[in-house]
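Sequence isn't available, so here's the structure alone:
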């Protein structure tokens, strides 16, 4: 990370991030990546393994940021984004998925997602997207 | 089976495995079978629907799955739950990216979340489904990929 990037990270207030993914590995991997790029002192995590759990958690904790998978059993990620945005139209949600064809990205953005990160995740891209969404 | 779709699965599987495992991956010979070949300890299944119906089945030995999990987590030991989760994620990334490429060529295919079984005896339905089988030789061991696609258009 360059000095300039470190300075940007310093301006971010500590925040809560909700990670939604049915894969335990994916949840832990994303949490570790975020700690690497933002720092453990800046972010607290909550985890959900499915859409319904994510909606209930969102209502309870109102996280500053949501990282959302798409392909999950039950309510999928796009539908979950839609329901969360009905609760809070200003929800800051980043889709994190390998399912990244144009129509799916369009559906996610229409549902209310602010960004789309394609799996496998590239740390530098994830960093830029998180900084962008948190500094707006 | 449309060759363009099969090619997408082969190329993207190789690409994702190379990126995630951070090592060279070679593809072995392709064979056409009358149904999926399922004879390993760790089997991952993804069902496809939409313009194409079918199955993607990825299989490997337990030692290969363990070695891949170590590479992905950076840990030397992992629980069976974590091994299943890693292999499911790897399969999900592979199939998801392949479907994304295919759907951007004006197809409409959907996938189910991957289901991983470890040391479970599989019984596939007896009907014949033309299946393309190919192997990937990775630094962690060999992986067999079964691609069974039935064109609905």
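Sure thing, it's come through. It should be emphasised that the depicted structure is a prediction, and the values quoted were computed from it without experimental measurement. Numbering: from 1, shown residues only, chains lettered A, B, ... in the order given.

Which strand residues bridge the most centrally placed residue in chain B?
Note on chain B: the residue nearest the mean C-alpha position is residue B:58, at 3.4 Å, using Cα atoms, centre = their mean. For residue B:58, the beta-bridge partners are residue B:44, residue B:145 (DSSP bridges).

Is residue A:44 in a helix, a strand, or coil?
When classified by DSSP: H, G, I helix; E, B strand; the rest coil, residue A:44 comes out as strand.

distance of it from residue A:93?
Residue A:44 sits 17 Å away from residue A:93, going by Cβ to Cβ, to the nearest Å. Any C-beta I mention is one placed from the backbone N, CA and C, and that applies to glycine too.

between these two, which one's more packed in?
Set residue A:44 next to residue A:93 and count neighbours by other Cβ atoms under 10 Å in any protein chain shown: residue A:93 wins out with 27 against 13.

what about that one, distance to chain B?
19 Å (Cβ to the nearest Cβ, to the nearest Å).

so residue B:136 makes contact with residue B:90?
No. Counting by Cβ atoms under 8 Å, residue B:90 is not a contact partner of residue B:136; they are 11.2 Å apart.

Need the residues touching each of the two.
Here residue B:136 and residue B:90 have residue B:17 as joint contacts, going by Cβ atoms under 8 Å, 6 or more residues apart in numbering or on different chains.

So if I had to pick from the two, which one is more boxed in?
More crowded of residue B:136 and residue B:90, by other Cβ under 10 Å: residue B:90, with 27 against 22.

In contact with residue B:152: list those residues for me.
By Cβ under 8 Å, 6+ apart, the contact list for residue B:152 reads B:50, B:51, B:52, B:53.

Up against chain A, what does chain B have?
By Cβ under 8 Å from any Cβ of the partner chain, the residues of chain B that approach chain A are B:16, B:19-20, B:72-73, B:81-82, B:85-86, B:88-89, B:92-97, B:99-101, B:103-104, B:111-113.

Mark which of these are buried, thanks.
By neighbour count, with 16 or more other Cβ atoms under 10 Å in any protein chain shown, those hold B:16, B:20, B:72-73, B:82, B:85-86, B:88-89, B:92-97, B:99-101, B:103, B:111-113 as buried.

ok, and the closest non-adjacent residue to residue A:48?
Closest residue to residue A:48 apart from its sequence neighbours, by Cβ to Cβ, 6 or more residues apart in numbering or on different chains: residue A:54 at 4.0 Å.

do you know how far residue A:54 is from residue A:60?
To residue A:60, residue A:54 is 11 Å away according to Cβ to Cβ.

out of everything not next to it in sequence, what's closest to the residue of chain A found nearest chain B?
With Cβ to the nearest Cβ, the shortest gap between chain A and chain B falls at residue A:98, namely 3.1 Å. Leaving aside its sequence neighbours, residue A:98 sits nearest to residue B:96 (Cβ to Cβ, 6+ apart; 3.1 Å).

low-scoring stretches of chain B, by residue?
In the predicted model, chain B carries pLDDT under 70 at residues B:1, B:122-128.
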